[in-house]
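In: With the input below, show me the fold.
(one chain, ligands or ions: 1)
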Amino acid sequence: MNYYVLSLFPDMIESCMKTSITGRAMEQGYITLNSINIRDYSRRKHNQVDDYPYGGGAGMVMQAEPICLALDAVNEMTKSRARVVYMTPQGKTFDQNIAKELANEEDLILLCGHYEGIDERVIESRVTDCISIGDYVLTGGELPALVVMDAVSRMVPGVLSNKESGTDESFEGGLLEYPQYTRPEEYDGMKVPEILLSGHHANIEKWRHEQALLRTAKWRPDLLENADLTEEEKKFLAEFLEKNTCY
Ligand code: ADE
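Out: Down below sits the predicted model:
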């Protein structure tokens, strides 16, 4: 996976990506990062990249030219025509399925805006995907691009070790993950559930699955609407909810 990030703050992208698992993945060559400063493609005095919006209104808009010149330079670097993902609160809300889909790409170009956004003509002519990381407005697209790269990188084969990669993790199978515990067996008067100490793998699996169902029902009931629950799972949840008004 080769990332090309177009931004006004390339240091922010680089320092974050160098950290932890994405940093290791870069060292091992599973992912590469090319962060490009859009300002380097300005042809104006003081490398300016923004201007007042036509029609008036608050703030400044990033101009089309430096972004398009930066995109031209990136297209020269990529083998194929890579997808150009613009980070914007107006985009499709990012989720695990989009992360998986993007992880299949060889090259990904991420475009980070600032100020009041970018000239619409860039979006019309160059952008293939608009992605939002949620219904709130950030000061720029850098944090969203980092969120997307982090989630996508975990899906790239080899990035996570066998120990780290989980088929049990949240959103796999449409459910949240079951609760996890580690040593000590008792902390501050709170005990690890007995079943996890039993060594009985089948019972542990069953308990974990039930916990995942309950946790999803409690915290993200919207996920259950789309989950393909078996009759047995539905019965388990209905019985539990009947017995417990509070969980
Ligand atoms: N840029 C500013 N806010 C954003 C958001 N919520 N998602 C993606 N890009 C953004």
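In: quick one: contacts for the most centrally placed residue in the chain?
Out: Among the residues of the chain, the one closest to the centroid is Val148, at 3.4 Å (C-alpha atoms, centre = their mean). Contacts for Val148 (C-beta atoms under 8 Å, 6 or more residues apart in numbering) come out as Val85, Met87, Phe94, Ala99, Leu102, Leu110, Ile131, Ile133. Using the backbone N, CA and C atoms, a C-beta is placed for each residue, glycine as well.
In: now with 6 Å?
Out: Under the criterion of C-beta atoms under 6 Å, 6 or more residues apart in numbering, Val148 has no neighbours.
In: Local confidence estimate at it?
Out: Among the per-residue scores, Val148 holds a pLDDT of 99.
In: Longest helix in the chain, please.
Out: The helix that spans the most residues within the chain, counting by DSSP state H, is helix 201-219.
In: What residue, apart from its backbone neighbours, is nearest Met26 spatially?
Out: Leu33 (6.2 Å; C-beta to C-beta, 6 or more residues apart in numbering).
In: measure Val122 to the ligand for me?
Out: 15 Å (C-beta to the nearest ligand atom, to the nearest Å).
In: quick one on the thing from earlier: what residues sit buried inside the helix or strand following the longest helix of the chain?
Out: Downstream of helix 201-219, the next assigned helix or strand under DSSP states H and E is helix 221-226. If you call a residue buried by 16 or more other C-beta atoms under 10 Å, then helix 221-226 has these buried ones: Leu224.
In: Number the chain from 2, please
Out: I'll keep to 2 as the first residue from here, and by that count the last item is helix 222-227.
In: Let me know the next secondary structure element after the helix or strand encompassing the residue nearest to the centre of the chain.
Out: Mapping Val149 onto the secondary structure by DSSP H and E places it in helix 143-156. Counting by DSSP H and E, the next helix or strand C-terminal to helix 143-156 is strand 187-188.
In: what sits up against that next one?
Out: The set of residues that contact strand 187-188 without belonging to it, under C-beta under 6 Å, 6+ apart, is empty.
In: what do you get for stretch 78-86?
Out: Outside of stretch 78-86, the residues that reach it under the criterion C-beta under 6 Å, 6+ apart are Asp108, Ile110, Leu111, Arg127, Val128, Thr129, Asp130, Ile132.
In: change it to 7 Å
Out: 5, 35, 72, 106-112, 127-130, 132 (C-beta atoms under 7 Å, 6 or more residues apart in numbering).
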